[in-house]
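Student: below are the sequence and a predicted model for it; my questions follow.
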Amino acid sequence: MSDPHQHSFLGSLCHAVKTVWDAGDALLAVSGGADSMALLRGMLDLNQTHSGRLAVAHFNHNLQPAISDNVARWLQQTCERLAIPFHLGAADVGQLAAETGQGIEESARNARYAFLKQTALHNRFTHILVAHTRDDQVETILHHLLRGTGVAGLRGMPERRVLVPPSDGQPEIALLRPMLAVTRAEAVDYLRTVSQDYRDDPSNVDVAFTRNRIRHELLPQLESSFNPNIREALSKLSQQAGDLQEALEQIVHQQLRGALLDVNADIVRLRWQPLNEQTRHVIRECFAMLWKQQQWPRQRMNYSHYDRLATLLQNGGTADLPGGIVVERRGELVVLRRQSGGA
Ligand SMILES: Nc1ncnc2c1ncn2[C@@H]1O[C@H](COP(=O)(O)OP(=O)(O)OP(=O)(O)O)[C@@H](O)[C@H]1O
């Protein structure tokens with residue numbers, strides 16, 4: 001058996017969690033599946049030289065209670081054996097989905113993230129770690145492509161995002177994905193070297209869920225019939241899209257900062273001086289960012305709405321947009337107004 005301390009998995013994980021050791025704490029989101037068990041064992045292993053505060057959070061979705069209760073019990077015992085604190089949350093996700101009209105996947109995710117945030121807040125954790133791998137990233141990008149996406153969607157899941165902003169002296173809580181460079185096979189191989197078993201989530205093999213169909217049907221077919229290196233290709237595309245999007249966001253920030261005259265919840269006034277190098281793409285992104293900053297409804301805003309705004313900036317005129325937002329350009333002045341009653 002190879003030495004677990006030399007395993008490439010630990011090298012990648014160690015590289016990705018530097019900020020965690022600086023902050024000194026991490027709440028590990030563990031489902032009991034191979035990926036998150038590798039996260040748990042890997043973090044415990046690395047922690048021998050870092051002495052950070054670690055704990056496990058597990059959420060029982062109760063979709064198949066006979067199985068998920070067993071998984072929760074097994075994980076609790078495993079955590080006791082490994083001497084790591086264990087936090088358990090539970091909900092009847094099937095019932096939640098029926099009540100809210102949301103899909104099962106969305107309800108499960110919402111309930112799970114609410115629990116993870118609460119657990120981190122109550123126990124003063126500033127980082128929540130989830131175990132998405134490179135394979136999950138590739139599946140996510142394909143999912144976005146199938147649904148329709150822009151450059152931002154090609155980036156897939158970010159390595160870090162703020163989950164709870166800082167408030168009243170409380171530091172922010174960040175979500176980290178330290179395993180995005182690791183393949184699922186590497187994680188499973190690491191578990192084998194430390195003789196750690198795991199429990200697969202039964203919902204993962206249900207091909208009715210879109211993501212599982214991508215995992216079990218689409219990707220294997222793309223690999224066998226089109227490109228055996230499709231995962232690597234998509235993973236590289238995601239890194240490039242991420243770099244591009246970051247550069248674009250900087251340009252958009254600058255552009256907006258220079259153009260904003262005044263802002264309140266329902267009215268934004270801009271002085272827009274067209275620059276030669278401005279492309280329609282930058283203009284569309286400026287408006288997308290403005291909508292985000294203003295917290296105006298974005299669900300019904302699509303590419304063609306933002307593109308219409310780019311035309312309006314070039315030609316002048318007025319546009320009526322979803323959510324009761326009216327945009328008008330006269331000369332260099334652009335006024336965006338949210339009318340009362342707009343949802
Ligand atoms: N029941 C659970 N309890 C705690 N953590 C979980 C649970 N299920 C998933 N996670 C965490 O989330 C990671 C991703 O899991 P999964 O791919 O099933 O989620 P997802 O539905 O794609 O969620 P999202 O992409 O929103 O994080 C897991 O590796 C694990 O870290």
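Tutor: Done, it's in.
Student: only C-alpha atoms for contact and neighbour calcs from this point on.
Tutor: Noted.
Student: does the strand of greatest length in the chain come close to the ligand?
Tutor: Counting residues, the longest strand found in the chain (DSSP state E) is strand 53-60. Yes - counting by CA under 6 Å from any ligand atom, contacts between strand 53-60 and the ligand involve 57-60.
Student: okay, those in TSV with neighbour count and pLDDT next?
Tutor: Converted to TSV, the residues of strand 53-60 next to the ligand look like this (neighbours: other CA atoms under 10 Å; pLDDT from 0 to 100):
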residue	neighbour count	pLDDT
A57	22	98
H58	22	97
F59	21	96
N60	23	94
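Student: what stretches of the stretch 201-343 of the chain score poorly on pLDDT?
Tutor: 202-208, 274-278, 341-343 (pLDDT under 70).
Student: and the helices in it, which stretches?
Tutor: 210-213, 219-225, 230-259, 280-294, 303-315 (DSSP state H, counting those that start in this stretch).
Student: is it possible to export the ones you listed to a markdown table including mean neighbour count?
Tutor: Listed next are the helices of the stretch 201-343 of the chain as a markdown table, based on neighbours: other CA atoms under 10 Å:
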| stretch | mean neighbour count |
| --- | --- |
| helix 210-213 | 16 |
| helix 219-225 | 14 |
| helix 230-259 | 16 |
| helix 280-294 | 17 |
| helix 303-315 | 17 |
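Student: next one: the residue nearest to N229 when sequence neighbours are not counted from E217, what distance?
Tutor: Distance criterion CA to CA, 6 or more residues apart in numbering; nearest residue to N229, sequence neighbours excluded, is E223 at 6.8 Å. E223 sits 10 Å away from E217, going by CA to CA, to the nearest Å.
Student: what parts of the stretch 51-200 of the chain come near the ligand?
Tutor: Counting by CA under 6 Å from any ligand atom, the residues of the stretch 51-200 of the chain close to the ligand are 57-60, 109, 130-132.
Student: the ligand contacts on the stretch 201-343 of the chain?
Tutor: So the stretch 201-343 of the chain never meets the ligand (CA under 6 Å from any ligand atom).
Student: for R41, helix, strand, or coil?
Tutor: Here R41 takes the helix state, with states given by DSSP: H, G, I helix; E, B strand; the rest coil.
Student: who are the contact partners of it?
Tutor: By CA atoms under 8 Å, 6 or more residues apart in numbering, the contact set of R41 is L191.
Student: I'd like the helices of the stretch 201-343 of the chain written out as JSON lines, with distance to L10 added.
Tutor: Conversion of the helices of the stretch 201-343 of the chain to JSON lines gives the following (distance: least, CA to CA, whole Å):
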{"stretch": "helix 210-213", "distance to L10": "27"}
{"stretch": "helix 219-225", "distance to L10": "27"}
{"stretch": "helix 230-259", "distance to L10": "20"}
{"stretch": "helix 280-294", "distance to L10": "37"}
{"stretch": "helix 303-315", "distance to L10": "42"}
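Student: quick one, which of these is nearest to N123?
Tutor: helix 280-294 (30.3 Å; CA to CA).
Student: mind pulling up the pLDDT for the residue nearest to L40 when sequence neighbours are not counted?
Tutor: Nearest non-adjacent residue to L40, counting by CA to CA, 6+ apart: L28, 6.8 Å away. pLDDT, L28: 98.
Student: L28 - that's part of a helix, no?
Tutor: No - per three-state DSSP, L28 lies outside any helix segment and is strand.
Student: which non-adjacent residue is nearest N62?
Tutor: Nearest non-adjacent residue to N62, counting by CA to CA, 6+ apart: D92, 5.3 Å away.
Student: distance of the one you found relative to A111?
Tutor: For D92, the distance to A111 equals 9 Å [CA to CA].
Student: ok, I67 next?
Tutor: Applying CA to CA, the value for I67 to A111 is 19 Å.
Student: swap in D35?
Tutor: Applying CA to CA to D35 and A111 gives a distance of 20 Å.
Student: ok, those two, which is more surrounded?
Tutor: More crowded of D35 and A111, by other CA atoms under 10 Å: D35, with 25 against 19.
Student: and which of the residues of strand 53-60 next to the ligand is nearest L309?
Tutor: Each of the residues of strand 53-60 next to the ligand was scored against L309 by CA to CA, and F59 proved nearest at 43.4 Å.
Student: check which helix or strand the closest residue to the closest one other than its chain neighbours maps to.
Tutor: In space, not counting the residues next to it along the chain, F59 is nearest to G89; the distance is 4.6 Å by CA to CA, 6+ apart. Assigned by DSSP states H and E, G89 belongs to strand 86-90.
Student: and the next helix-or-strand element following that strand, what does it pack onto?
Tutor: Note on strand 86-90: by DSSP H and E, the next helix or strand toward the C-terminus is helix 93-100. The contact analysis (3 or more CA pairs under 8 Å, 6 or more residues apart in numbering; DSSP states H and E) places helix 93-100 against helix 104-122.
Student: and the angle from the helix it packs on to strand 53-60?
Tutor: Angle of helix 104-122 versus strand 53-60, following axes from the mean of the first three to the mean of the last three CA atoms, to 10 degrees, is 150 degrees.
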